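In: when you get a sec, could you give me coordinates for this:
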Amino acid sequence: MTVFPGFTLPEELRVLRDQVRRFIREEILPLEQRLDPDAPEIPDEDFERLSAKTKAAGLWALAAPEEYGGGGLDTFSMCVVLEAMAQHRMGLYNPGCGVFGRYPPPAIWAGTRAQIEKYAVPTIREGRRTFFAITEPSGGSDPAGAIQTRAERRGDRWVLNGRKVFISHAHEATWGVVFARTDRAKGRAGISCFIVERGTPGFTARNIRTIRTSAVPNDVVFEDCEIPAENLVGQEGQGLDLAFDLLVKQRFPYSACNLGVAVAAHRMAVAHAKQRSTFGVPLSQRQAIQWMLADAEVELRAARWLIWEGAWKADRGEDARVEASIAKLYSSEVLGRVIDAAVQIHGGYGVSKEFPLERWYREARVRRIGEGPSEVHRMVIARALFR
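Out: Residues are numbered from 1 along each chain as shown. Reported below is the predicted structural model:
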């Protein structure tokens, strides 16, 4: 979908966004009301039922390439759609409860046609889980220096040994991509990317319990884990370039989900302030409440434009690394502030599991760490200023 800078979204994108909004409102919100507030997923039968509806409506796998059965949306368009898709209880880590499709790690598109047909196409078609394993116990913000997992070539096999941490869905995914060091002497040029299937001998994944409810992270261990030589993605030593390309572009949709949940929390706070009274006066007439809501509105609008500008720049093929850091940093911190204000305005109801604010409050804290902590993004922005 062609998108251009300006103050008006293309008509077809507005229609698509409204379709997604309506689906969330009519299908996802009522379903969540019947589930445990801490449910990480919807039941399988509901997933199949709702996925059939999104497929029939042309809302399935909107970000995947058209040639492989997807909607072919660019990054900007997906940011607009994801803001709407994330506005429900599970939305921060499971936007749309997965019924709009799930995607393989983008690194797979650098693979061979055979790899894409074997791994990416079924993932898109069937909505399978995948994983992306780069973070290690030695650190996640500096993969060039932190990656210690090794991959050694032995004949027609690669043998992996090492450990990854905080890897979402590794215990349930069909397959995923793993970044390992293939040449210690080459630094960042000695890291490669591999496809590893669940069930491969020597591959184990153990859940790590965190305050996050959805997308449970895992501690992953590789012990003489043998994979076929053809499971190398791209060229040997190209792994870090593939990872950074993924991480930069992924930060815009990630930020859009931050924005979507913050918008939903803000909307709840406004509605509550209008109907709740203290000492005979609606909260909406209290200046303290008005200013909290006004500040949140300003920050939400600013976050949206930062995300849109960066995503549009990335779609044009320009260097958007700084914009990605700005969008991720600002949206994750705005998310925390807006939800905190919404909880305060709701009072005791804000921390009740009957409302989604309690879950959003917990999960939002992780967003300032995931996809690079705030401090690292400030470093990226500062380096650009002094470059």
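In: so where's the stretch 51-200 of the chain shaky on pLDDT?
Out: Scanning the stretch 51-200 of the chain with the threshold set as pLDDT under 70 gives 140-141.
In: what do you get if the cut-off is 80, keeping everything else the same?
Out: Low-confidence segments of the stretch 51-200 of the chain (pLDDT under 80): 139-145.
In: so where do the strands sit in the stretch 201-350 of the chain?
Out: 203-207, 218-228, 232-233, 277-278, 281-282 (DSSP state E, counting those that start in this stretch).
In: pick the most deeply packed of those.
Out: strand 232-233 (a mean of 23; mean count of other CB atoms under 10 Å). For the C-beta atoms, the positions are set from N, CA and C on the backbone; glycine is no exception.
In: most centrally placed residue in the protein?
Out: For the chain, the residue nearest the mean C-alpha position is Tyr254 (4.3 Å; CA atoms, centre = their mean).
In: now mean pLDDT and distance to Val322 too, for the strands of the stretch 201-350 of the chain, in a markdown table please.
Out: Converted to a markdown table, the strands of the stretch 201-350 of the chain look like this (pLDDT from 0 to 100; distance: least, CB to CB, whole Å):
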| stretch | mean pLDDT | distance to Val322 |
| --- | --- | --- |
| strand 203-207 | 95 | 34 |
| strand 218-228 | 97 | 31 |
| strand 232-233 | 96 | 27 |
| strand 277-278 | 89 | 45 |
| strand 281-282 | 92 | 43 |
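In: export stretch 82-102 to CSV, keeping only CA atoms.
Out: Taking Å, rounded to 0.1, in the frame of the first residue of the first chain, the C-alpha atoms of stretch 82-102 are listed here in CSV:
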residue,chain,number,x,y,z
LEU,A,82,-1.5,-2.3,15.0
GLU,A,83,-2.5,0.7,17.0
ALA,A,84,-6.1,-0.4,16.5
MET,A,85,-5.3,-4.1,16.9
ALA,A,86,-3.6,-3.8,20.2
GLN,A,87,-6.5,-2.1,22.1
HIS,A,88,-7.6,-5.0,24.3
ARG,A,89,-6.5,-6.8,27.4
MET,A,90,-4.0,-9.2,25.7
GLY,A,91,-3.0,-6.6,23.2
LEU,A,92,0.4,-5.5,24.3
TYR,A,93,2.0,-8.9,23.7
ASN,A,94,-0.7,-10.7,21.7
PRO,A,95,-2.3,-8.0,19.5
GLY,A,96,-5.6,-9.3,18.1
CYS,A,97,-5.0,-12.5,20.0
GLY,A,98,-3.1,-13.8,17.0
VAL,A,99,-6.3,-14.2,14.9
PHE,A,100,-5.0,-11.7,12.3
GLY,A,101,-2.1,-14.0,11.6
ARG,A,102,1.4,-14.7,12.9
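In: related to what we said a few turns ago, how about the strands of the stretch 201-350 of the chain in JSON lines, adding distance to Glu117?
Out: Below are these laid out as JSON lines (distance: least, CB to CB, whole Å):
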{"stretch": "strand 203-207", "distance to Glu117": "23"}
{"stretch": "strand 218-228", "distance to Glu117": "15"}
{"stretch": "strand 232-233", "distance to Glu117": "14"}
{"stretch": "strand 277-278", "distance to Glu117": "61"}
{"stretch": "strand 281-282", "distance to Glu117": "60"}
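In: got the buried residues for the longest helix anywhere in the chain?
Out: In the chain, assigned by DSSP state H, the helix with the most residues is helix 239-275. Neighbour-count burial for helix 239-275, counted by 16 or more other CB atoms under 10 Å, picks out 239-243, 246-266, 268-270, 272-273.
In: Ser168 in helix, strand or coil?
Out: coil (DSSP: H, G, I helix; E, B strand; the rest coil).
In: quick one: residues contacting it.
Out: Residues near Ser168 by CB atoms under 8 Å, 6 or more residues apart in numbering: 131-132, 215-218.
In: which pair in these spans the largest distance?
Out: Pairwise distances across these peak at 14.5 Å for Phe132 and Val216 (criterion: CB to CB).
In: quick one, which of those two is more surrounded?
Out: Comparing Phe132 with Val216 by other CB atoms under 10 Å, the one with more neighbours is Phe132, at 24 against 19.
In: what sits opposite the more buried one in the beta ladder?
Out: The partner list for Phe132 in beta bridges (DSSP bridges) reads Val177.
In: tell me who's in contact with it.
Out: Contacts of Phe132 by CB under 8 Å, 6+ apart are 105, 107, 167-168, 176-177, 246.
In: can I get these in CSV with distance to Val376?
Out: CSV is the format used below for these (distance: CB to CB, whole Å):
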residue, distance to Val376
Pro105, 21
Ala107, 21
Ile167, 19
Ser168, 19
Gly176, 23
Val177, 22
Leu246, 16
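In: among those, list the two that are farthest apart in space.
Out: Taking CB to CB, no two of the contacts of Phe132 sit farther apart than Ala107 and Ser168, at 15.3 Å.
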